[in-house]
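> sequence first, predicted model second:
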Amino acid sequence: MESESESGAAADTPPLETLSFHGDEEIIEVVELDPGPPDPDDLAQEMEDVDFEEEEEEEEGNEEGWVLEPQEGVVGSMEGPDDSEVTFALHSASVFCVSLDPKTNTLAVTGGEDDKAFVWRLSDGELLFECAGHKDSVTCAGFSHDSTLVATGDMSGLLKVWQVDTKEEVWSFEAGDLEWMEWHPRAPVLLAGTADGNTWMWKVPNGDCKTFQGPSCPATCGRVLPDGKRAVVGYEDGTIRIWDLKQGSPIHVLKGTEGHQGPLTCVAANQDGSLILTGSVDCQAKLVSATAGKVVGVFRPETVASQPNVGEGEESESNSVESLGFCSVMPLAAVGYLDGTLAIYDLSTQTLRHQCQHQSGIVQLLWEAGTAVVYTCSLDGIVRLWDARTGRLLTDYRGHTAEILDFALSKDASLVVTTSGDHKAKVFCVQRPDR
């Protein structure tokens, strides 16, 4: 799934041996916002050789103009402030996921609680086709590296792939309950993690398959590393495995004190794949050397204290790492927490540079490529843009009437596409004078 890519430039990330870590973290600045609205047996079948070499692609620009007139399934306006250019409204329940086609950034795929997924055009919200046949909530969706295929996955583990140009289904598979799904960055290969602890890898559309058996607990999150030869997978028991995709074996296993003390929620890699960030419900973000398989830094927010013992009938306030990523132009990392904290860390010193507070929990964050701008979406339905150098809020975009559940950013950072509990997906144009 494209969430987006979360990566950092190798040239701007200091070599591991030059990293100097300190035990104490210092908050340089806290930025407050003004109050506002609120798991199958291992398959023995060997996979045919997959060419993981990068395919040359010709980039195509978006030549379509904005069409603002309302169409079927497109809402032209909403009560209250709405900064969006287009609203896609064919879903009849919460919209859980969104992905943009990576080649042209002109198409979106969304999936929702209504057991439906749609491929539609960003410029005017026109429906191209429905990815039909799911019988459970569609929680994962994404385009292949060359935008020729689109995959959708539902909670029950049914995965389907369509050919975009013909709009025809070309492959399907039933795995265990689905936790995550992602396309390989350079080949027609789909990966997914399931609740039985397996990570699956299929060559599409012929269906050749490998499984990577983890512990007997859900594989909660995963990411293919930029070299296309390895993948990092996080598990519910707090362990982290770095897999060799060709050999089907783990290169590194981090567990115990090297792993997390709770289920992993998210993983990210920098641009050259030398560094990995992992996040967990234990409120820690760990910086891992992908080559050595060692933790080289641990980030803990100052606002997170150990939870006291909770009496019967009482509940403690919970917090967790929800999203994280690397800046591509500076040695910075961003970590988003359920309590609404966005923390900007300096990777070279493990210093907490800035702490930016939201009024509600952060759902996801994305770095803008080539800049130090980080985007956040949160449970208050607002998209915010932050300058990571200063911790300053640059601008925000509103229009949803419920929490934002996912968002995607176009390659040129001109568009943000959001999905929400209000049953809608929205397209926001972010290249405006107020930037």
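Yep, that arrived.
> give the residue spans of this protein that score low on pLDDT.
1-80, 303-317, 432-435 (pLDDT under 70).
> all helices for it, in order.
In the chain, no segments count as helices under DSSP state H.
> wait, residue 355 sits on residue 302?
Yes. Shown here, residue 355 and residue 302 form a contact pair, counting by C-beta atoms under 8 Å, at 7.3 Å. (C-beta placed from N, C-alpha, C; glycine too.)
> looking at these two now, which is surrounded by more residues?
Ranked by neighbour count (other C-beta atoms under 10 Å), residue 355 and residue 302 place residue 355 first, with 20 against 14.
> who's the more buried one bridged to?
The residues listed as beta-bridge partners of residue 355 by DSSP bridges are residue 30, residue 343.
> distance of it from residue 266?
The gap separating residue 355 from residue 266 is 19 Å, by C-beta to C-beta, to the nearest Å.
> with residue 239 instead?
15 Å.
> and these two? Which one has more around it.
Counted by other C-beta under 10 Å, residue 239 and residue 266 do not tie: residue 266 has more neighbours, with 26 against 21.
> now do the same contact list for the more buried one.
Residues near residue 266 by C-beta atoms under 8 Å, 6 or more residues apart in numbering: 221, 234, 278-279, 321-324.
> for these, which one is nearest residue 126?
residue 323 (30.3 Å; C-beta to C-beta).
> number of nearby residues for that closest one?
24.
> correct me, but it touches residue 367?
No. The pair residue 323 / residue 367 is not scored as a contact, 10.8 Å apart, by C-beta under 8 Å.
> rewinding a little: quick check, nearest of the contacts of residue 266 to residue 421?
residue 322 (15.8 Å).
> check contacts around the closest one.
265-266, 279, 336-338, 361-364.
> pick the one among those closest to residue 176.
Once C-beta to C-beta is applied, the member of the contacts of residue 322 that ends up nearest residue 176 is residue 265, at 19.2 Å.
> how near is the closest residue to the closest one other than its chain neighbours to residue 125?
Nearest residue to residue 265, sequence neighbours excluded (C-beta to C-beta, 6 or more residues apart in numbering): residue 279, at 5.2 Å. Relative to residue 125, residue 279 is positioned 33 Å away (C-beta to C-beta).
> what's the answer for residue 380, then?
For residue 380 relative to residue 125 (C-beta to C-beta), the value is 24 Å.
> ok, now residue 247?
45 Å.
> out of the two, which sits in the busier spot?
Neighbour count, other C-beta under 10 Å: between residue 247 and residue 125, residue 125 has more, with 26 against 10.
> which positions within stretch 92-102 qualify as buried?
Buried residues in stretch 92-102, defined by neighbour count with 16 or more other C-beta atoms under 10 Å: 94-102.
> same list (these) but as TSV, adding distance to residue 136.
Output for the buried residues of stretch 92-102, formatted as TSV (distance: C-beta to C-beta, whole Å):
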residue	distance to residue 136
94	13
95	15
96	11
97	13
98	18
99	19
100	24
101	24
102	26
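> what's the closest of these to residue 87?
For the buried residues of stretch 92-102, the nearest to residue 87 is residue 95 (11.2 Å; C-beta to C-beta).
> tabulate the CA atom coordinates of stretch 179-186 in PDB.
These are the backbone C-alpha positions of stretch 179-186, laid out as PDB (Å, rounded to 0.1, in the frame of the first residue of the first chain):
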ATOM      1  CA  GLU A 179      -3.400  -7.000   9.100                       C
ATOM      2  CA  TRP A 180      -1.500  -5.200   6.300                       C
ATOM      3  CA  MET A 181      -0.800  -5.300   2.600                       C
ATOM      4  CA  GLU A 182       1.800  -3.700   0.400                       C
ATOM      5  CA  TRP A 183       3.100  -3.900  -3.200                       C
ATOM      6  CA  HIS A 184       6.800  -4.500  -3.900                       C
ATOM      7  CA  PRO A 185       8.400  -1.200  -5.000                       C
ATOM      8  CA  ARG A 186       9.800  -2.600  -8.300                       C
END
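> centre of the chain to it, how far?
11 Å (C-alpha atoms, centre = their mean, to the nearest Å).
> would you confirm that residue 209 contacts residue 192?
No. Counting by C-beta under 8 Å, residue 192 is not a contact partner of residue 209; they are 10.7 Å apart.
> returning to what we had before: nearest to residue 141 among the contacts of residue 266?
residue 221 (16.2 Å).
> that closest one reaches residue 239, doesn't it?
No. With contacts counted by C-beta under 8 Å, residue 221 stays clear of residue 239, the gap being 12.0 Å.
> quick check: bridge partners of residue 141?
Assigned bridge partners for residue 141, using DSSP bridges, are residue 152.
> which ones are touching residue 157?
Contacts of residue 157 (C-beta under 8 Å, 6+ apart): 174-178, 194.
> ok, of these, which one's closest to residue 257?
residue 194 (27.1 Å).
> I'd guessed that closest one sits against residue 217; true?
No. Using C-beta under 8 Å, residue 194 is not in contact with residue 217, being 10.9 Å away.
> those two: which is more packed in?
More neighbours surround residue 194 than the other of residue 194 and residue 217, with 23 against 16 (other C-beta under 10 Å).
> how close does the closest residue to that one other than its chain neighbours get to residue 182?
The shortest distance from residue 194 to any non-neighbouring residue, by C-beta to C-beta, 6+ apart, is to residue 176 (3.7 Å). Residue 176 is 16 Å from residue 182, where distance means C-beta to C-beta.
> when those two are compared, which one has more neighbours?
In this view residue 176 and residue 182 are compared by other C-beta under 10 Å, and residue 182 has more residues nearby, 22 against 19.
> the more buried one is in contact with residue 223, isn't it?
Yes. With contacts counted by C-beta under 8 Å, residue 182 reaches residue 223, the gap being 6.6 Å.
> what residues are up against residue 251?
230, 242-244, 293.
> tell me which of the buried residues of stretch 92-102 fall in strands.
Judged by DSSP state E, the subset of the buried residues of stretch 92-102 located in strands is 95-100.
> would you turn these into TSV with distance to residue 203?
Shown next, in TSV, are those (distance: C-beta to C-beta, whole Å):
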residue	distance to residue 203
95	30
96	27
97	23
98	25
99	20
100	24
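> max pairwise distance over those: which two?
96 and 100 (15.7 Å).
> for the buried residues of stretch 92-102, which one is nearest residue 400?
residue 95 (10.1 Å).
> what count of nearby residues applies to residue 256?
Residue 256 has 8 nearby residues by other C-beta under 10 Å.
> from residue 249, how far out is it?
Distance from residue 256 to residue 249, by C-beta to C-beta: 20 Å.
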